[in-house]
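**Student:** With the input below, show me the fold.
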Amino acid sequence: MSPDGLIAVSPRHSVRLAQEYHHLVKHPPGNDFVVRTLAHRKAGGMPLMAAELVIAGTETRKNHPLTEVYPLHFRKTYFPASLHGDPQIEFERQRRASELLPVPPPIGWSPLTFRSCFLPGKPYNRISPFGVDPDEANIQVALELEIAAAAGLWYLLGQAFAHISTLHKSGFIHGDMELHNLIVCPSPLETHLIDFENARNRDELGEALWIKGCASDLRMVLREAVYLQCRLGDQHCSMAEASKAELDGLFSTPNRFRRAIQRQAGL
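**Tutor:** Below is the predicted model:
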């Protein structure tokens, strides 16, 4: 940790840690210290899963050497009542993703926990203005966007499309590509994919499931690309071409969106 309180949380990111936590980084407690609970799932009052930002304790640092580099990190804990995947498999899937993309390598696993670097940013769905019902109402949302805001979202979305495309070209699908699994980090300005628990290699799937999985990975990104072109007009890049090619399958009234895009282009 630097003298001004900056602490590395991934190979590319640092955050400024509040003064009251500094001693826990330098002199760790026996057990992990929970800084913030990010999610807590229950069923009938029974805890199923907790997602937390933690400072590694002495036992964790002994068992997972990367926590010495990233003492402040993300920990997902499963409880006995939950039906969950194998944390070791999740670890291997994220390790594979980190070989293909600028995704931080995973930190560690145990039978009931998975640990990874913390990405300081916001999920894309929390910065996107879209997602209102019915789908066609998003055309008006798009038209009310400032051009700079639409251009910025297009840039961030383009990064996500490129990352997903890289996975597919390498024979790997994400398997749960919802917009909350795209994290937008401001410094440096980047979009990152997270949560590879459901990722699969192509050789694990038949051809039909592989094609379906690739389409599912891109669906939400391509819908956003259509919305943004309702403000920006017709664009010319791989993401734009893919969104227009799949338009009939993305929306129940695709011609409404085609006309909106054409109007912005002055056609």
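**Student:** So what's the residue count around residue 80?
**Tutor:** 9 (other CB atoms under 10 Å). For every residue, glycine as well, the C-beta is placed using N, CA and C.
**Student:** can you pull the pLDDT of it?
**Tutor:** On the pLDDT scale, residue 80 is placed at 77.
**Student:** Name the helix or strand for it, please.
**Tutor:** Using DSSP states H and E, residue 80 is not contained in any helix or strand.
**Student:** What values do phi and psi take at the closest residue to it other than its chain neighbours?
**Tutor:** Sequence neighbours aside, residue 112 is the residue nearest to residue 80 in space, at 7.9 Å (criterion: CB to CB, 6 or more residues apart in numbering). Backbone torsions for residue 112, taken as degrees, to the nearest 10, come to phi -120, psi 10.
**Student:** low-confidence ranges in this protein?
**Tutor:** 1, 3, 81-82, 266-267 (pLDDT under 70).
**Student:** What segments of it are helices?
**Tutor:** Assigned helices in the chain, in chain order: 22-26, 58-63, 66-69, 87-100, 124-127, 137-143, 147-169, 207-232, 238-245, 247-250, 254-264 (criterion: DSSP state H).
**Student:** right, and those helices - which one's nearest residue 192?
**Tutor:** Taking CB to CB, helix 147-169 is the member of these nearest to residue 192, at 7.8 Å.
**Student:** Which other helices and strands does the closest one contact?
**Tutor:** helix 87-100, helix 124-127, strand 189-193, helix 207-232, helix 238-245 (3 or more CB pairs under 8 Å, 6 or more residues apart in numbering; DSSP states H and E).
**Student:** The longest one packs against which elements?
**Tutor:** Helices and strands touching helix 207-232, by 3+ CB pairs under 8 Å, 6+ apart, are helix 137-143, helix 147-169, strand 172-173, helix 238-245, helix 247-250, helix 254-264.
**Student:** Now do the third one: everything it contacts.
**Tutor:** The contact list for strand 172-173, computed with CB atoms under 8 Å, 6 or more residues apart in numbering, reads 96-97, 100, 167, 199-202, 205, 210, 213-214, 216-217.
**Student:** Quick check on those: which are buried?
**Tutor:** With neighbours counted by 16 or more other CB atoms under 10 Å, the contacts of strand 172-173 contain buried members at 96-97, 167, 199-200, 202, 205, 210, 213-214, 217.
**Student:** Please tabulate those residues in a markdown table, including the columns distance to residue 134.
**Tutor:** Below are those laid out as a markdown table (distance: CB to CB, whole Å):
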| residue | distance to residue 134 |
| --- | --- |
| 96 | 38 |
| 97 | 35 |
| 167 | 31 |
| 199 | 32 |
| 200 | 33 |
| 202 | 35 |
| 205 | 33 |
| 210 | 32 |
| 213 | 27 |
| 214 | 27 |
| 217 | 24 |
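**Student:** quick one: the residue nearest to residue 80 and residue 77 touch, right?
**Tutor:** Yes. Assessed by CB atoms under 8 Å, residue 112 is found in contact with residue 77 at 6.2 Å.
**Student:** Same drill for the two, tell me which one is more crowded.
**Tutor:** Shown here are residue 112 and residue 77; by other CB under 10 Å, residue 77 has more neighbours (21 against 14).
**Student:** Nearest residue to that one in space, please, no chain neighbours.
**Tutor:** Nearest to residue 77 is residue 50, by CB to CB, 6+ apart, at 4.8 Å.
**Student:** ok, that neighbour - contacts?
**Tutor:** Residue 50 touches 37, 39-41, 76-77, 79, counting by CB under 8 Å, 6+ apart.
**Student:** One more: residue 75?
**Tutor:** Here residue 75 is in contact with 32, 51-54, 113-115 (CB under 8 Å, 6+ apart).
**Student:** can we see that at 10 Å?
**Tutor:** Going by CB atoms under 10 Å, 6 or more residues apart in numbering, residue 75 touches 32, 34, 38, 50-54, 56, 60, 67, 107-108, 113-116, 118.
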